[in-house]
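**Student:** Sequence plus the predicted model coming up.
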Amino acid sequence: MKIVIVGHVDHGKSTLIGRLLLDTDSLPEGKMAELKRISKELGRDAELAYLADQLKEEREREMTIDTTQTFFRTARRDYAIIDAPGHVEFIRNMLTGATQAEEAVLIVDVKAGLEEQTRRHAYLLGLLGIKEVIAVINKMDLAGYDRESFERVKSGLSGFLKGAGLSPSRTIPVSARNGDNISKRSSAMRWYKGASLLEALDSLKPKETAERKPMRFPVQDVYDISGEKIAVGKVLSGRIRQGQEVKVLPSMAPARIKAIKVFGKTLKSASSGANIGIVLDEGSLARRGEVIAEVPDLPQPKNRFKADLFWMSEEPLRLGKNFVFRCATQEAACVAERIERRMNSSTLEIIEDSSSELRLNEAAAVHFRTERPVVLEDFDFIEELGRFVIEAGKVPQGAGIITS
Amino acid sequence: MDYLDSLEQKTVYIVREAYSRFRNIALLWSIGKDSTTLLWICRKAFFGKIPFPVVHIDTGFKFKEIYAFRDEYARTWGLDLVISRNKKALEEGMCPDKGKMECCNALKTDALKKTLKEKGFKALLLAIRRDEHGIRAKERYFSPRTADFTWDYQHQPPELWDFYKTQAGTEEHIRIHPMLHWTEADIWRYIEREKMPVVSLYFAKNGKRYRSIGCQPCCASVDSRADTIAKIVRELERTKIAERSGRAQDKEDSYTMQKLRSLGYM
């Protein structure tokens, strides 16, 4: 299971990761000795954070710059832990980490409380589709393990999360540095009766697969194998079957699945998550960017849609300016036609009800028009056809989810 | 779909995405277990015939078992094998005694630069994994490199969900890492399941085996009695020794790997 750890700079994300690795006995021999040596070179106390902060620049600046993944396992399952930088300068790297995760842990320093990136990260998790988070209130040792301080931060946090459309499944008082309530309950906080962080992680349920949804298959590429055209791609949802009646979108051309192929085998059917090749009946064609969908549950291709968008580029989004829209394997030129509810993504304060531009680290409801029809779904229905990026110069400038 | 399927399926998606974006692409095959696994998955992704060249960077210092394995399977699998050597540096006597970092740079990085230029590859598939080394854990799946091969690790482009970087024209080439999400134990479990061939050096002989293979002078064996794949998997579930502990280039100082990688090392 992939878990991202987010929160404001210096609230202890990298230290928490170091602690998880240490407590689950996931460090190779000699790693702690190496850490002590490096810490000494830098003239500091042994820092658990250096287990995640591997770049020289990160250790010297005492700050995570780029996202990292590390691995540990409990008796229940394997985890990949994604460290996300907490500084506003590196929000793109935080998003890189967060969009790979299934679940999130939001960390808050008990003395500092909610800060700018605490709120922005929480908001972004909600915007990008992670609705459940485990909240950990860190550095309890520095607050004398005081219950009142914990309750104060907890109540402020849950109020904010509710406003951002998130619900914390649990809020846990911890000290990452000392290991309180990480792998086992802390004797320093007997007033806390809930789960430790590892218990909370182990109790998370993996996301449901999209197998029961209608079949969607975006074409990734077409290969010519011994004179036969094989369209390859990943089944996003549902089940694709030999003989199935389908349509090739956006043109709506009818077709039939003649064969489903993987190396050395022909399959009767394949379900969501499988990367396969298909052969269509005589006369039917499909290209990269087209979506094969089962009849009768078809989405209506459109060239206008509305989305919640986060902007992460120094270069603003402006009305009428050309960008490239990417969704699954689809790509189309696009422009923003209306920008509504332009918002500060940390305070959630509305800057303008209607605007001509969207700037760095702001979010808004944006109406887009694409130059040709695209196949979209509601994010809550089929995620991968409901999320997208906006690019310029082949670099993502914004990310969002389709709302209508 | 089980856990190994999900790892494999993600890799298939990435290599197909890579090939759809860059027809002039190549796979770097060190003949080690990771790049052999990547090669194996590419064969599956492309229905048995890999439609691009497979490059072996040959320093001349590899174990003889590596050369034998390479030649046998290049034939069996019908690979378009390209051998990349820095002949000039070898003639001038480059070897690990001249400095490990210098040697890696000349015989691997410079050899690759030359081949890349000659063949005009715009993208390279590499089998690095995040769990191998802290610096590799910072990598993206699609990572742009400049003309002099530098990796600008402080300003990596964002990589959201599975929207990968395509070329902007300002980069020399894109490094693509389809195995980033695998761990060492995953690789061995997969090798076991697929009944994949691997170089015999990985299996214990006289109480020693190699966990990571490359150039003979710079690889040390580890104590082990694991002489079958199943035993290797069991050993890895218990070990506390880092995989690359036998690799000299990781050790010179705390940041050798960071320096090597920023200069274009694999």
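**Tutor:** Sure, I can see it.
**Student:** domain ranges for chain B?
**Tutor:** For chain B, automatic domain parsing gives the domain ranges B:3-182+B:253-262, B:197-250.
**Student:** which one of these is the most hemmed in?
**Tutor:** Highest mean neighbour count among those (mean count of other C-beta atoms under 10 Å in any protein chain shown): domain B:3-182+B:253-262, with a mean of 19. For every residue, glycine as well, the C-beta is placed using N, CA and C.
**Student:** ok, back up a step: I'd like the domains of chain B laid out as JSON lines, including mean pLDDT and distance to A:Glu314.
**Tutor:** Converted to JSON lines, the domains of chain B look like this (pLDDT from 0 to 100; distance: least, C-beta to C-beta, whole Å):
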{"stretch": "domain B:3-182+B:253-262", "mean pLDDT": "92", "distance to A:Glu314": "12"}
{"stretch": "domain B:197-250", "mean pLDDT": "89", "distance to A:Glu314": "37"}
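**Student:** For those domains, could you give me a markdown table that also reports distance to A:Arg92?
**Tutor:** Shown next, in a markdown table, are those (distance: least, C-beta to C-beta, whole Å):
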| stretch | distance to A:Arg92 |
| --- | --- |
| domain B:3-182+B:253-262 | 4 |
| domain B:197-250 | 29 |
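**Student:** Look up how far A:Arg59 lies from the residue of the stretch 1-150 of chain B found nearest chain A.
**Tutor:** Across the stretch 1-150 of chain B, the shortest distance to chain A (C-beta to the nearest C-beta) belongs to B:Gly134, at 3.2 Å. Using C-beta to C-beta, to the nearest Å, B:Gly134 is found at 11 Å from A:Arg59.
**Student:** same deal with A:Thr74?
**Tutor:** 28 Å.
**Student:** B:Ala89 too?
**Tutor:** 33 Å.
**Student:** same deal with A:Asn303?
**Tutor:** As judged by C-beta to C-beta, A:Asn303 and A:Arg59 stand 49 Å apart.
**Student:** Looking at those two, which has the bigger crowd around it?
**Tutor:** Regarding A:Asn303 and A:Arg59, a neighbour count based on other C-beta atoms under 10 Å in any protein chain shown identifies A:Arg59 as having more, with 20 against 14.
**Student:** how about that one, secondary structure?
**Tutor:** Following DSSP: H, G, I helix; E, B strand; the rest coil, we place A:Arg59 in the helix state.
**Student:** ok, now the one 5 residues further on?
**Tutor:** Recorded secondary structure, A:Thr64: coil (three-state DSSP).
**Student:** got a list of what it touches?
**Tutor:** Listed by C-beta atoms under 8 Å, 6 or more residues apart in numbering or on different chains, the contact partners of A:Thr64 are A:9, A:13-14, A:49, A:52-53, A:58, A:83-87, A:90.
**Student:** contacting residues for the residue of the stretch 1-150 of chain B closest to chain A?
**Tutor:** Contacts of B:Gly134 by C-beta under 8 Å, 6+ apart are A:Leu51, A:Ala52, A:Gln54, A:Thr68, B:Met257.
**Student:** Out of the contacts of A:Thr64, name the ones that lie in strands.
**Tutor:** A:Asp83 (DSSP state E).
**Student:** Name the nearest of the contacts of A:Thr64 relative to A:Ala195.
**Tutor:** A:Ala195 lies nearest to A:Lys13 out of the contacts of A:Thr64, by C-beta to C-beta, at 19.9 Å.
**Student:** Surely that closest one and A:Ala84 touch.
**Tutor:** Yes - the criterion here is C-beta atoms under 8 Å, and A:Lys13 meets it with A:Ala84 at 6.9 Å.
**Student:** Please identify which of the two sits among more neighbours.
**Tutor:** Between A:Lys13 and A:Ala84, counted using other C-beta under 10 Å, the more crowded position is A:Lys13 (32 against 28).
**Student:** Quick check: residues of the stretch 101-250 of chain B near chain A?
**Tutor:** Taking C-beta under 8 Å from any C-beta of the partner chain as the contact definition, the stretch 101-250 of chain B meets chain A at B:130-131, B:134-135, B:137-138, B:140, B:153-154, B:156-161, B:163, B:165-168, B:181, B:183, B:240-243, B:245.
**Student:** pLDDT weak spots in the stretch 201-350 of chain A?
**Tutor:** Along the stretch 201-350 of chain A, no part satisfies pLDDT under 70.
**Student:** now for the helix or strand hosting B:Glu118, which elements pack on it?
**Tutor:** Using DSSP states H and E, B:Glu118 sits in helix B:111-119. Packing contacts for helix B:111-119, counted by 3 or more C-beta pairs under 8 Å, 6 or more residues apart in numbering or on different chains; DSSP states H and E, involve strand B:54-57, strand B:81-84.
**Student:** Would you mind identifying the next helix or strand past that helix?
**Tutor:** Using DSSP H and E, the helix or strand that follows helix B:111-119 in sequence is strand B:123-125.
**Student:** burial count for whichever residue of the stretch 51-200 of chain A sits closest to chain B?
**Tutor:** In the stretch 51-200 of chain A, the residue that lies nearest chain B is A:Gln54 (3.2 Å; C-beta to the nearest C-beta). Using other C-beta under 10 Å as the criterion, A:Gln54 is surrounded by 22 other residues.
**Student:** This completes my enquiry, with thanks.
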